[in-house]
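> Just need the structure, nothing else, for what follows:
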Amino acid sequence: MRYVLTVAAVLVVALGVAGIVHGEADDSPGLQLLGVVLVLGAVVFGIRNLRGGS
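Alright, predicted model coming up:
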């Protein structure tokens, strides 16, 4: 189960990076902010998941 959640976190990071890139191309600061929030949230979730935190 831990592996599935880690893979999901990596996919969310990829989605967030795509949002940042697409938002920059479209000159949309809101989409860039959503991308950054997705990346940061997924990184925090992934680290907590790997360390075994609740």
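
> how much space between residue 38 and residue 25?
17 Å (Cβ to Cβ, to the nearest Å). Just so you know, the C-beta spots here come from the backbone N, C-alpha and C atoms, and that holds for glycine as well.

> With neighbour numbers in mind, choose between the two.
residue 38 (19 against 9; other Cβ atoms under 10 Å).

> same question for whichever strand or helix holds the more buried one, mean pLDDT?
Here residue 38 is covered by helix 29-51, with elements defined by DSSP states H and E. On average, the pLDDT along helix 29-51 is 92.

> What about residue 9, how many residues nearby?
So residue 9, with other Cβ under 10 Å, has 20 neighbours.

> I meant to write residue 48 there.
For residue 48, the neighbour count with other Cβ under 10 Å is 13.

> Distance from the helix holding residue 38 to the middle of the chain?
Relative to its chain's centre, helix 29-51 lies at 4 Å (Cα atoms, centre = their mean, to the nearest Å).

> So for it, what gets flagged as buried?
Neighbour counts using 16 or more other Cβ atoms under 10 Å place 31, 32, 34, 35, 38, 39, 42, 45, 46, 49 of helix 29-51 among the buried residues.

> per-residue confidence for residue 7?
Looking at residue 7, the pLDDT reads 89.

> Where does it fall, secondary structure wise?
helix 2-25.

> Counting by contacts, list what that helix packs against.
Counting contacts by 3 or more Cβ pairs under 8 Å, 6 or more residues apart in numbering; DSSP states H and E, helix 2-25 packs against helix 29-51.

> The helix it packs on packs against which elements?
helix 2-25.

> Show residues contacting the helix it packs on.
28-39, 41-43, 45-46, 49-50 (Cβ atoms under 8 Å, 6 or more residues apart in numbering).

> do that again at 10 Å, thanks
With Cβ atoms under 10 Å, 6 or more residues apart in numbering as the test, helix 2-25 has contacts from 28-50, 52.

> so how far is residue 48 from residue 18?
Taken as Cβ to Cβ, the span from residue 18 to residue 48 is 23 Å.

> And residue 22, by the same measure?
28 Å.

> now swap in residue 5 and tell me
10 Å.

> picking that back up, tell me the gap between the helix holding residue 7 and the middle of its chain.
4 Å.
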